[in-house]
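S.K.: need a structure here:
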Amino acid sequence: MKISSRSNGRSMLLVLGLAGSAALVYGGWAFAAEGQEGVKTTPVLTTDSTDLKWQDIGDLPPGANVAVMAKSGDWSVARVKFPPHYVVPPHSHPNAEAVWLISGQVGFGFGDKVDKTGPWLKPGAFFALQPGGMHYVWTGDEGGVIDVQVSAPGGITFANPADAPKKK
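M.R.: Numbers count the residues shown, from 1 in each chain. Next up, the predicted model:
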């Protein structure tokens, strides 16, 4: 199923719907890809969410937290928690991303203006976004948790520069 952005005309692949936004996060646990010559592979196992080390996301409005689950070469996987009634303003990334909704009440839209008329997505929903796709996220009463796999190069560009958090 393809959904077109009303504002920029680009088509995005939306597979079962999903929520998400991701600030590209570096750091945390790292492991090397199996088979790379001379590199020992370190497996990553997370038994439950209490194993995760949560931190603020400086590239998003205050309230969202991230835990890096794995990083290898030019890709990483992070779990992102959004609080109830949270909005990630319209933005894009120079990298591709794949996002899975883990839990909660999350809405997701395309374009450079927030429009919360879309459906609430259900846990298990998946979405893949091409580089440069303008999108936004909002949560309901429950907040939400997503897993995000991103590739380098990272970064985030807000449609409205005034939406970017102020760096201290």
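S.K.: what's the local residue count around Tyr86?
M.R.: 19 (other CB atoms under 10 Å). Quick note: C-beta positions are derived from backbone N, CA and C, even for glycine.
S.K.: other SSEs contacting the biggest strand by length in the chain?
M.R.: If you go by DSSP state E, the chain has its longest strand at strand 135-151. Packing partners of strand 135-151 (3 or more CB pairs under 8 Å, 6 or more residues apart in numbering; DSSP states H and E): strand 75-82, strand 87-92, strand 97-110.
S.K.: redo those strands as a markdown table? Include mean neighbour count.
M.R.: Converted to a markdown table, these look like this (neighbours: other CB atoms under 10 Å):
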| stretch | mean neighbour count |
| --- | --- |
| strand 75-82 | 22 |
| strand 87-92 | 22 |
| strand 97-110 | 22 |
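S.K.: measure Asp163 to Asp51 for me?
M.R.: 33 Å (CB to CB, to the nearest Å).
S.K.: who has more neighbours, these two?
M.R.: A count of neighbours by other CB under 10 Å puts Asp163 above the other of Asp163 and Asp51, at 16 against 10.
S.K.: nice, that's everything, thank you.
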